[in-house]
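> predicted model and sequence follow; I will ask about them next.
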Amino acid sequence: MRSSSARGVGYRVAGSTVTVVDRACGACPPCQAGRSYWCSRPREAGPELVTVDGAGQRPVAAWLTGLSAVRAAGLPPHSTVLVLSTADPTPVRELVGLVHPGPVLAIADARDPGIRETLAATTDNGRAPAVLALAAARSAVRAVDRGGVVCLPDAEVDPPSVTEVVQRELTVVGPRDLTRLVATSGSAALADALHRTVGSDGTR
Ligand SMILES: [Zn+2]
């Protein structure tokens, strides 16, 4: 995670428990624009948003900000979201299902034949209209449909080139507001799904 101190959220780590804290001031221009994750005057402390057991700060931050990006994308409710991650697909589907009611597919590699078959059956042209990439942003750009949406966490990702994004008419969306994400998903449900998702990822 790049300097979490420059964000509207903070992370308190105690052993293998991560507590996410809302540090947004609520008054600066990003906060006023509904982008409190990018608060320019974060407070030292604030209310706790969610506490996740058995997980490190980096994966918790990556998943939370990735989920915030999916929420911020305002996708049509029935569109398919492809999640590129090395975590177990079952908890990933539950986790992303907290912010998106439509179909969620999860796979480490978008070239997987099984996923290609599923996409061919569930989309018009075999490509996902939206992709969330936990690490491999360039793979997401290749996997998403033309004119589609690539959701990225605030984490170390290999950024897609401007040319790739422009040529394929993509929209790239990042995190916006973790407070609203937690409020609408439910802190307990979010903590549980994050715990199982992160815990299932052997490569984290
Ligand atoms: Zn602020």
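That came through, no problem. Numbers count the residues shown, from 1 in each chain.
> please make it C-alpha for all contacts and neighbour counts, starting now.
Will do.
> and stretch 135-149, what's buried?
For stretch 135-149, the neighbour count (16 or more other Cα atoms under 10 Å) marks 135-146, 148-149 as buried.
> okay, D154 and P175: tell me how far apart.
According to Cα to Cα, to the nearest Å, D154 stands 7 Å off from P175.
> which one's more surrounded, those two?
P175 (25 against 21; other Cα atoms under 10 Å).
> thinking the more buried one is in contact with A73, fair?
No. Taking contacts as Cα atoms under 8 Å, P175 lies outside contact range of A73: 9.1 Å.
> can you give me the helices in the protein?
29-32, 57-73, 89-97, 113-122, 137-143, 162-167, 178-185, 187-199 (DSSP state H).
> of all those helices, which one is nearest the ion?
helix 29-32 (4.4 Å; Cα to the ion).
> roughly how far is that closest one from the heart of the chain?
21 Å (Cα atoms, centre = their mean, to the nearest Å).
> can you check stretch 146-159 too?
Centre-to-centre, stretch 146-159 and its host chain are 9 Å apart (Cα atoms, centre = their mean).
> give me the contacts around the lengthiest strand in the chain.
Using DSSP state E, we find that the single longest strand of the chain is strand 144-151. With Cα atoms under 8 Å, 6 or more residues apart in numbering as the contact definition, strand 144-151 has outside contacts at 66, 69-70, 73, 127-133, 137, 140-141, 168-174.
> got a ChimeraX select line for the buried ones in those residues?
With 16+ other Cα under 10 Å as the criterion, this ChimeraX line picks the buried residues out of the contacts of strand 144-151:
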select :66,69,70,73,127,128,129,130,131,132,133,137,140,141,170,171,172,173,174
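> show me which residues of this structure sit near the ion.
Within the chain, the positions near the ion by Cα under 5 Å from the ion are 24-26, 28, 31, 39.
> out of these, the closest to T123 would be?
Looking at the residues of the chain next to the ion and their distance to T123, the nearest is C31, at 36.3 Å (Cα to Cα).
> touching, the closest one and A24? I think so.
Yes. Applying Cα under 8 Å, one finds C31 in contact with A24, separated by 7.0 Å.
> quick one: pLDDT of A155?
On pLDDT, A155 comes in at 87.
> er, R2 I mean
pLDDT for R2: 39.
> just V144 next, same as before
Note on V144: pLDDT of 95.
> so what's it bridging to?
Beta-bridge partners for V144, by DSSP bridges, are A128.
> before we move on, back to that, overlap of the contact sets of C31 and A24?
Common neighbours of C31 and A24 (Cα under 8 Å, 6+ apart) are 37, 39.
> great, nothing more from me.
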